[in-house]
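[1] all I have is the shape, not the residue letters:
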């Protein structure tokens, strides 16, 4: 029941590792989103990619935690990506990974990269060539593919044939990539199809990545699993295979709820980060890209993102505070309660003050949510962003 | 391993009970629907309530199984409901229950009947007064309320206060109803809110109905439960309480998938109908309204509805074929495998031919799907319904 | 991001409510338990009810949190219950609720209180008469009934008939009770039967209690629900109905895992206690009996129980620290993130030191686990308790 | 809505493939089994491996479907395995796969092959050497390993280290095997550990098999997955990787319920067999070993096994009746409902009569359950098997 000392005798603070820890935020989190039943609109919502990046930059300005912004093609398509890249830099952030879109074209009703129609597969493959060009223009190194393909009814299509077609499509995309670009492949148990997805689980995603080559890695979205799945086990296993490419962080109680990360089960987030830290994957050298992928259906978007990156940071801080020596000793003795207790002691630690101190030392606000609220940014955006079309799903 | 004889010695065919068994179809099943990611469009989709009813009438014309059409306010709002009612009659069907809509107004972001803002609650209550007027114009007797209210984050609102406000709102609606109108209250475990819904389970819905009065009954949507819930048990329990008002039939593998009823787990549908038959609730006198509530995201809508009502009929037929004498005898002996076997024998029976014979005897097509395909209706609708706006979520 | 002040301006410490908060511990937690695959044995395990109570008294001696011990009939059957009661008192604890056993007799293969055989139902009812006599001898006021009845195969028995038989059996037991005795009825979704249980959910349990009378209340075991069930909602609803009689606390990741409460999802435990506190149900006057019901398959049993009661206390402390004024204000403004933040601030608070201080002030060890480890009790028990039969499932 | 013709124009009956389709039955299904709460005893239960094999042979004698019996070491340990093998042959069956046991030794409290203690790992590895010797004596070719290792509490042990130790242990076992022996590795999401298992999913099991070599294959137990997992997808994927070694068939509604296969979701069983047939894996040349792994807690054991193998046969027959030409045509046209309908037509077909005809043609009883009931075998066993100890978990 001891609180891990934040500054051990060695003089080295375990929380220093946080200095290099950044979380990528998604451009689409700043636009309106919702459920199939309703997308609620809010004043001040961005109307173009520039405004989305400006909003994302606020998150970084308040927290120092969000140095990159993921973009989505075609949602964030602009005529001049060099200009967008420069704009981001001015705002203090960089363009991060590029996300393709395989779900918003009528042609994709029965699938995209796994469709039985060669014309449609070619169209989906060509879309990724476009994404690769965007990456070359923005300097992005990660191509993120979420494959929304699947079927709704038993018998509808051959599950095996769909795998084979998918493998062929992915191989074509991989072949078109530069040597310093990575292909990140995301799995999801269900939605938008409800009998089976073509990439429903980490095992399937990993098999495709292994067939492609070393620059193909798996994306783990924390909301994309069956109920009661132990996600930190998958994290450990993908790291053990050197195939964890990225996280899409969010929270779920039921399905792919896309809630604020850490709001539904903060202990799970801590357990995940504990496995990350245990294998050194929190370090930039690990190549694991930590990203958010969330919806803010009813809450304010920028504050929602600020809270999210702070939640990830807090969980990481607690993971760094685990007393590894005491843990190793308890495990070596087969002391079940003792080893568990060491981990729980780190989790029980209140890191809010420690993290506020660190922010202050870096010239950042102690209380980012309050600082943003007091900045007047939201009111100004609401006043300025009149006319035009709000960015939303597909906008 | 014996097939129950369809015509027992008494000369009475247990399947005769099917003659009075009808399934209500929803007007919104004929418009476009989809997931939060995409609504695929299809040619020939209805553009107004009249065209939806015309489509629904095709299902009845092919199967004799769908004599009523549920409508949704405001989706099916027309200037003259008497005219719509007359049109339905001409098409060979009737207007069934009236469904209110509490999820497509920006005011309802934090709830409708359970909202903490009295103005918004009043607005939601007033909407039901409008629905009751529609019912008086169409002769509908069932007001269906699906409450989409809930919260996304722990602490967001007081769960208890929301119950109390909801109870008050429902009491006001109930008080405004005529003596021959019923209030049917639907529960759902999650979506569109993801921390908690205000009517998440049958127990909560039942408690509110009990507080309201005898004309308040529970709606059981087969897709609105937690994984591994035994739905037929709930059916039995609500019947035992005389509080099962209606079914919303559909299928699920994961969440509220809204697939074709009987496509994901036909044995579950049979078990449900077996409990229904065991308590005589398949008879019109039971007051249980059997309805579909489905989406046809990727398949043709009218054939999807035809297949659905046939699936419900087939499951009901099998339930009627259970050899009740043999079952009672096996149960009395504690013969686990024997009693299970009696039920399985009914399930294993191929009723397709028996049901085709019955259709033929009533002057209906032996093969409804083929008959519809050959009728040319779909092609004509696609040709005629050009211009205007397709009916879709909210249209 | 403010830590709630433990001693507000009023001079009243919200944590003072903890002084009257006690958790009942189960006698069977001190015996060996396990899975269907293996019960691991440990030295020093109690061999009779007296030794179990002695062990349970250690938990209270170390924490001041466990003033009562639940007993189980027939596992804890003794010739002289007055002597056992006196022994408990000497040890510093009291006999708490009495649990009946309906699962360990060959007669109960197809059910007990819901069995179709009147002889077996009568036997099960008579067993409760015996339990009531034990209660009169020990001064216990709560009869706890977990009904393990159910079926394994569709069709095996009539679900409806089983409800009716169960209702009749319960009515006979209730009629035999004294006016100051309560009947507490526990539900469970599955196990030991796997098609359906006869009391699978809170709704069914509540309906039976309502039929019995005001002294019949529901027991909520935190491990007895379907995946993704929102348990704190049920807590709120049962309190709203004034029918929450008791908790069986434990933790689950998958099924009825019976792990240490708070070890799988400490945030869930906090949310539950937050609903409890919100309705004042943490006060002794509420009549809610907070109990543990756990297995310690691989860890030491007494330390496992100590950790458990401390986990419940910590969650309760955090719930008491929620800034109710700030919460009400944020909710009134519809401030989703603000209201959530108030609750999270309480959860993030490290209460370990505060609780150690309170223990010290009461003359209890600051670190109960360490104090127990250093007491030598375990080694003495292992040395003394040689010969005889270890208490285990059914022993 | 057409019934596939059992004898197509080519004169080749698709059901002829059933002649070579056999299901292996487990010796332990004939002994008593149960839940952690109770193992109910039954008269006539076998008292040694010989009696178990005699019982298993009854299943084959009645159905012609169960030519092999899996054995379990040490449960089926005998002094002379050659004699046991000869006895099986006399009874008309063969000894099938050999199952090791890693869960019933006190040493395995914290794991066996993944234990941190080298002594315990060596003991677990040595146990498999013994199993290999049994295989050499019986002529068995498949070593089945279900690894029950795991942890109950976060932090209890290093998940990564456990993987590495497990990999090393498995490599030692694999190295000791003969070239014609296969190692079959089973995964399970939870139980007997409840935080994480060391082989929780097919992906982990497959990775270990790939590291071992080509004779290592995955076992898919149909009850070992998270809720809502699409099992037939995994079947397809493992076949695509040529790594599906065996099935453990059973049924589940909630967890690893181990009910009679096909009793909880017969449509799922059909979908699984449809994927099997689609890749030709029902043929003996596929190397897929189809086995039962069930408990018969409350029903008669031999009839329970008879019903089970008949259920698998019926599902396979329906899968063979799928009109592949019509299915391919519908899929090629993107006809969602048409392709689904082709599969459903096969499922709806009543194959009971067809299978009875085939049994009769082979000199087997038309109605195996009735034939067994009338044989007097059960009564004779109950009379003969008096004294001795009934075989049960661990006996």
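    It's in. Worth saying up front: this structure is predicted, and the values here are computed from it rather than measured.

[2] A helix includes residue A:50, no?
    Yes - assigned with DSSP: H, G, I helix; E, B strand; the rest coil, residue A:50 falls within a helix.

[3] thought it was touching residue A:86?
    No - in this structure residue A:50 lies outside contact range of residue A:86 using CB atoms under 8 Å: 10.9 Å. Any C-beta I mention is one placed from the backbone N, CA and C, and that applies to glycine too.

[4] quick one, phi/psi of residue A:219?
    phi -100, psi 130 (degrees, to the nearest 10).

[5] next: residue A:291.
    Dihedral angles for residue A:291 - degrees, to the nearest 10 - are phi -130, psi 160.

[6] list the contacts for the residue lying closest to it once chain neighbours are set aside?
    Leaving aside its chain neighbours, residue A:291 sits nearest to residue A:24 (4.1 Å; criterion: CB to CB, 6 or more residues apart in numbering or on different chains). By CB atoms under 8 Å, 6 or more residues apart in numbering or on different chains, the contact set of residue A:24 is A:66, A:67, A:68, A:69, A:70, A:96, A:97, A:289, A:290, A:291, A:292.

[7] list the beta-bridge partners for residue A:24.
    residue A:68, residue A:291 (DSSP bridges).

[8] for chain D, see how far away it is.
    25 Å (CB to the nearest CB, to the nearest Å).

[9] again, but for residue A:122
    17 Å.

[10] residues from the stretch 201-350 of chain A in reach of chain D?
    A:201-204, A:206-207, A:225-230, A:232-233, A:236-237, A:239-241, A:267, A:271, A:274-275, A:278-279, A:322, A:327, A:331-332, A:334, A:336-337, A:339-344 (CB under 8 Å from any CB of the partner chain).

[11] sort out for me which of the residues you listed are in helices.
    A:202-204, A:206-207, A:232-233, A:236-237, A:239-240, A:267, A:271, A:274-275, A:278, A:327, A:331-332, A:336-337, A:339-344 (DSSP state H).

[12] show me the contacts for whatever residue of the stretch 51-200 of chain A ends up closest to chain D.
    Closest contact between the stretch 51-200 of chain A and chain D, by CB to the nearest CB, is at residue A:155 (3.1 Å). Taking CB under 8 Å, 6+ apart, we find residue A:155 in contact with D:274, D:322, D:327, D:339, D:340, D:341, D:342, D:343, D:344.

[13] what sits closest to the first one if chain neighbours are left out?
    This points to residue D:274. residue D:319 (4.4 Å).

[14] the second one now?
    The shortest distance from residue D:322 to any non-neighbouring residue, by CB to CB, 6+ apart, is to residue D:346 (4.3 Å).

[15] quick one: neighbours of that neighbour, just the number.
    23 (other CB atoms under 10 Å in any protein chain shown).

[16] residue A:20 now?
    Neighbour number of residue A:20 under other CB under 10 Å is 10.

[17] got the phi/psi numbers for it?
    phi -100, psi 10.

[18] which residues touch it?
    A:283, A:284.

[19] again with residue A:82
    Applying CB under 8 Å, 6+ apart, the residues near residue A:82 are residue A:137.

[20] what of the one 10 residues further on?
    Contact analysis of residue A:92 by CB under 8 Å, 6+ apart lists A:57, A:60, A:61.

[21] one step back: what separation do you get for the residue of the stretch 51-200 of chain A closest to chain D and residue B:349?
    Remark: distance between residue A:155 and residue B:349 (CB to CB, to the nearest Å) = 22 Å.

[22] which residue is the nearest non-sequential neighbour of residue A:124?
    That would be residue A:112: by CB to CB, 6+ apart, it lies 3.9 Å from residue A:124.

[23] helix/strand/coil for the one you found?
    Under three-state DSSP, residue A:112 comes out as coil.

[24] element containing the residue nearest to residue D:322, please.
    Assigned by DSSP states H and E, residue D:346 belongs to helix D:336-348.

[25] let me see the mean pLDDT of that helix.
    For helix D:336-348, the per-residue pLDDT values average out at 98.

[26] packing partners for it?
    helix B:301-320, helix D:266-278, helix D:301-320, helix D:324-332 (3 or more CB pairs under 8 Å, 6 or more residues apart in numbering or on different chains; DSSP states H and E).

[27] rebuild those helices as JSON lines, extending it with mean neighbour count, mean pLDDT and distance to residue C:28.
    JSON lines is the format used below for the helices and strands packed on helix D:336-348 (neighbours: other CB atoms under 10 Å in any protein chain shown; pLDDT from 0 to 100; distance: least, CB to CB, whole Å):
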{"stretch": "helix B:301-320", "mean neighbour count": "25", "mean pLDDT": "98", "distance to residue C:28": "43"}
{"stretch": "helix D:266-278", "mean neighbour count": "24", "mean pLDDT": "98", "distance to residue C:28": "37"}
{"stretch": "helix D:301-320", "mean neighbour count": "25", "mean pLDDT": "98", "distance to residue C:28": "30"}
{"stretch": "helix D:324-332", "mean neighbour count": "16", "mean pLDDT": "98", "distance to residue C:28": "56"}
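
[28] who are the contact partners of residue A:200?
    A:150, A:187, A:188, A:189, A:190, D:230, D:233 are the contacts of residue A:200 under CB under 8 Å, 6+ apart.

[29] give me that answer again for 7 Å
    Residues in contact with residue A:200 (CB atoms under 7 Å, 6 or more residues apart in numbering or on different chains) are A:187, A:188, A:189, D:230, D:233.

[30] can you tell me how far it sits from residue A:302?
    Taking CB to CB, one finds residue A:200 at 34 Å from residue A:302.
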